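>>> Just a sequence and a predicted model for now, questions to come.
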Amino acid sequence: MRVHLHFYDESRWHLHDETRIRGKGIKDNEPVPGKQLASDIQNLDAASHAAKFAKDLNGSWAWVRIMDDKVILCVDHHRSVPLFYATDGQDVWVSDEAGWLYHQFADALPDELLASEYLVLGYVTGDQTITGKIRQVEAGTATEIAQQNGHHTGKENPGLHIRQHRYFRYVHRYRSATKKQLLLDFDDIVLQTLKNTTDYADGRPIVLPLSGGYDSRLIAATLKRMKYPDVRCYTYGQQSSKEIGVSKSIAEKLDLPWTCVTYTKEKWRAWFHSAERRMYYRQASGLAGIPNIQELVVMGELKEKEWLPGNAVIVTGHHGGLMPGGRGVYDSYTYREHPEMNMDTVISHVMHYHYYLWNWSEKHDDLYPFFRDRITNTLAPEEDYPDSPSACESWDFHERQAKFIINAGRLYEFMGYDWWMPWTDLDYLRFWLQVPLEFRHDKNLYTDYILSLPPHDISGYYPKSKILSIRDKIKNTPVFSISKKGYHTYMAWKRMKSVYDEHPLAWYGFINKTDFKGRYTGREHINSFQSLELLRVIFENGFLSVDDVLARAVSSLEALSGPATGRSEMNSG
């Protein structure tokens with residue numbers, strides 16, 4: 001067996017004998033020295049052993065261990081460092097850059113069905129990528145590719161057997177506790193989580209993207225409470241954005257240095273047509289998820305102005321919105337009216353809130369069974385979940401968070417910076433997995449905690465529109481379900497009129513206005529246009545329109561000898 005390795009930035013990976021390690025491990029709330037971690041990994045000779053070891057290893061990390069007859073790939077519980085692999089005969093290719101793997105194989109062709117999922121979802125679920133040739137190691141999973149001495153037991157290549165061992169699943173196990181006790185425990189968890197962050201920063205400047213929301217606000221307030229010596233904040237958006245004023249106010253009240261980069265459509269257009277954008281797309285897409293572009297303009301300007309120190313650690317509030325209650329603020333049916341575990345409810349929730357980037361209703365009867373099976377393949381057995389919201393949040397964690405949200409890290413790396421996302425901390429996740437649904441309704445436990453933070457005047461949200469204020473007032477009443485459809489109709493009409501010119505981030509500016517008006521119906525998001533663009537850029541093989549991608553997927557289904565579920569058997573969990 002021959003193993004071929006390639007890493008986007010070799011300097012981030014450290015070689016210890018035949019083991020490559022990247023990142024920082026934390027065990028028992030203390031950093032694990034690199035040599036100790038390497039020594040421990042050297043004793044792991046199977047994916048099952050790697051999974052057992054990784055189960056309680058906190059932090060952000062990945063490793064590749066090469067032995068004579070096998071290679072073991074392992075990523076942390078939130079996939080902060082992606083690993084991709086492909087096999088051909090007795091050869092194994094491994095990289096953190098799927099684009100490199102793609103160019104190693106003439107037969108790494110797009111899969112029409114997986115491309116359709118990428119189009120409407122923004123990423124590919126399970127362990128696959130847009131091309132069936134290249135696989136990814138899923139969050140919380142150890143993968144072993146082993147030589148079988150000519151005996152074919154694997155799914156793809158004679159002589160090689162691929163085993164996957166999942167060591168972490170986001171599944172709730174509720175504890176009996178009062179709200180008061182949970183708030184006290186949450187305070188301890190927040191402090192420990194941010195201690196892990198400051199241990200990682202180790203005196204380096206912490207730079208925080210400070211929005212108008214609660215997740216970054218909690219980081220800022222806690223770092224101030226901990227008296228970390230160098231915390232700097234930035235925000236961004238159009239001058240009219242309300243979040244800019246909120247961000248500035250919070251920074252001033254916490255006495256933290258703050259700056260702002262103004263976004264314009266012209267800046268986005270210039271960036272999109274630059275060579276830098278094309279390079280970033282190739283590095284960050286991973287053939288499995290669209291790149292996160294939200295902060296590219298601001299990072300570029302702050303770097304150019306030398307406001308960002310070269311040794312800074314970007315510490316962000318990403319992932320913070322899922323654990324305290326996921327979509328519970330919006331989905332009253334699943335979270336309040338019918339929370340009991342029902343797989344149909346879960347599938348409907350995921351379809352509605354995630355498989356929505358482009359309208360695929362005309363192909364619904366053909367594609368729905370395929371997408372449905374993709375969703376259920378990600379989830380644990382139905383009986384493992386205490387209720388439907390738990391299953392919905394589990395799917396979100398393993399797919400959206402691990403495939404798309406985490407991609408913000410690729411952005412910071414592309415700009416040359418280190419980064420850390422506190423709300424992916426393993427103990428922080430485990431706390432929320434014990435919090436009963438009644439305290440995750442409308443994120444009420446989380447909100448109460450934020451409201452208790454000193455100084456108390458940093459806790460208010462920015463002003464909302466009248467329609468949103470009315471929505472909040474009726475949200476917990478029977479009227480809400482009836483009025484929800486009308487609310488969405490109103491918002492679609494409102495977005496169609498103003499989104500191109502007035503979006504707070506101005507990012508639709510990278511699209512020609514005529515093209516935008518021709519495609520935008522009120523439901524599309526910036527990620528909709530990205531998913532279509534990435535299919536064009538990556539493959540350049542005729543994926544020129546939404547209709548074309550969906551039609552190819554349906555044709556592929558019709559050509560299959562078996563049902564759509566056969567395509568999903570390659571997913572392991």
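Looks like it came in fine. Numbers count the residues shown, from 1 in each chain.

>>> How about D111: what's its closest non-neighbour residue?
The spatial neighbour of D111 that comes closest, neighbours along the chain excluded (Cβ to Cβ, 6 or more residues apart in numbering), is G132 at 4.8 Å. Glycine gets a C-beta too; all of them are placed from N, C-alpha and C.

>>> Go ahead and confirm the one you found touches L114.
Yes: G132 lies in contact with L114 (Cβ atoms under 8 Å); the separation is 7.0 Å.

>>> Pick out whichever of those two has more residues nearby.
Comparing G132 with L114 by other Cβ atoms under 10 Å, the one with more neighbours is L114, at 24 against 18.

>>> How much space separates I526 from L357?
According to Cβ to Cβ, to the nearest Å, I526 stands 10 Å off from L357.

>>> What score does D396 have for pLDDT?
Looking at D396, its pLDDT stands at 98.

>>> Show the contacting residues for the residue lying closest to it once chain neighbours are set aside.
Spatial nearest neighbour of D396, excluding adjacent residues (Cβ to Cβ, 6+ apart): L322 at 5.6 Å. By Cβ atoms under 8 Å, 6 or more residues apart in numbering, the contact list for L322 reads 393, 396-397, 401.

>>> which sections of the stretch 51-200 of the chain are below the confidence cut-off?
Counting by pLDDT under 70, the stretch 51-200 of the chain has low-confidence residues at 149-158.

>>> Could you pull out the helices in it for me?
In the stretch 51-200 of the chain, the helices defined using DSSP state H, counting those that start in this stretch lie at 98-102, 112-121, 179-201.

>>> Now render the ones you listed as a markdown table, adding distance to T222.
A markdown table is the format used below for those (distance: least, Cβ to Cβ, whole Å):
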| stretch | distance to T222 |
| --- | --- |
| helix 98-102 | 35 |
| helix 112-121 | 34 |
| helix 179-201 | 5 |
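
>>> Deepest-packed of those helices, please.
Counting by mean count of other Cβ atoms under 10 Å, helix 112-121 has the highest mean neighbour count of the helices of the stretch 51-200 of the chain, with a mean of 25.

>>> what about that one, distance to the chain center?
With Cα atoms, centre = their mean, to the nearest Å as the basis, helix 112-121 stands 17 Å off its chain's centre.

>>> now swap in stretch 17-26 and tell me
Computed by Cα atoms, centre = their mean, the chain-centroid distance of stretch 17-26 equals 22 Å.

>>> what about it, average pLDDT?
Stretch 17-26 carries an average pLDDT of 94.

>>> which residues of the protein score low on pLDDT?
In the chain, residues with pLDDT under 70: 149-158, 456-457, 459-497, 539-544, 561-573.

>>> Name all residues that make contact with G34.
So G34 contacts 14, 16, 21 (Cβ under 8 Å, 6+ apart).

>>> And for H49?
H49 sits next to N43 when contact means Cβ under 8 Å, 6+ apart.

>>> Could you do E524 as well?
Counting by Cβ under 8 Å, 6+ apart, E524 makes contact with 357-358.

>>> Okay, it and F510: tell me how far apart.
Noted for E524: a distance of 14 Å to F510, by Cβ to Cβ.

>>> how about the helices in the stretch 351-500 of the chain?
Counting by DSSP H, counting those that start in this stretch, the helices of the stretch 351-500 of the chain are 364-378, 388-396, 402-403, 408-414, 426-432, 444-451, 466-474, 479-502.

>>> Confirm for me that W61 is in contact with I26.
No: contact status for W61 versus I26: not in contact, 9.1 Å apart, counting by Cβ under 8 Å.

>>> Identify the bridge partners of I72.
Legend: beta-bridge partners of I72 under DSSP bridges are R65, E144.

>>> tell me the contacts of it?
When contacts are counted by Cβ under 8 Å, 6+ apart, I72 touches 44, 46-47, 50, 63-65, 142-144.

>>> Kindly recompute the last result at 6 Å.
I72 sits next to 47, 50, 65, 144 when contact means Cβ atoms under 6 Å, 6 or more residues apart in numbering.

>>> who touches the last one in this structure?
By that I understand E144. The contact partners of E144, by Cβ under 6 Å, 6+ apart, come to 47, 70, 72, 163.

>>> Count the neighbours of the first one for me.
The local packing count at A47 equals 26, with neighbours defined by other Cβ under 10 Å.

>>> same question, the last one
When counting by other Cβ under 10 Å, one arrives at 17 neighbours for R163.

>>> same deal with A312?
Look at A312: counted by other Cβ under 10 Å, it has 22 neighbours.

>>> Do I have it right that it meets V207?
Yes: the criterion here is Cβ atoms under 6 Å, and A312 meets it with V207 at 4.6 Å.

>>> Give me the distance between the residue nearest to N43 when sequence neighbours are not counted and D88.
Of all residues not flanking N43 in the chain, H49 sits nearest, at 7.9 Å (Cβ to Cβ, 6+ apart). To D88, H49 is 27 Å away according to Cβ to Cβ.

>>> and if you look at L367?
Relative to D88, L367 is positioned 31 Å away (Cβ to Cβ).

>>> Among the two, which residue is more densely surrounded?
Using other Cβ under 10 Å as the criterion, L367 and D88 rank with L367 on top: 22 against 16.

>>> so what's the more buried one up against?
W360.

>>> what do you get for the one 4 residues further on?
Contacts for F371 were tallied using Cβ under 6 Å, 6+ apart; they are Y355.

>>> Swap in 7 Å and give it another go.
By Cβ atoms under 7 Å, 6 or more residues apart in numbering, the contact list for F371 reads 117, 351, 355.

>>> would you turn these into JSON lines with distance to G289?
Compiled in JSON lines, the contacts of F371 are given as follows (distance: Cβ to Cβ, whole Å):
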{"residue": "E117", "distance to G289": "11"}
{"residue": "M351", "distance to G289": "18"}
{"residue": "Y355", "distance to G289": "14"}
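
>>> I189 contacts L429, correct?
No: I189 lies out of contact with L429 (Cβ atoms under 7 Å); the separation is 9.8 Å.

>>> Quickly list what's touching both of those two.
Common contact partners of I189 and L429 (Cβ under 7 Å, 6+ apart): none.

>>> Relative to Y281, how far out is M299?
Taken as Cβ to Cβ, the span from M299 to Y281 is 15 Å.
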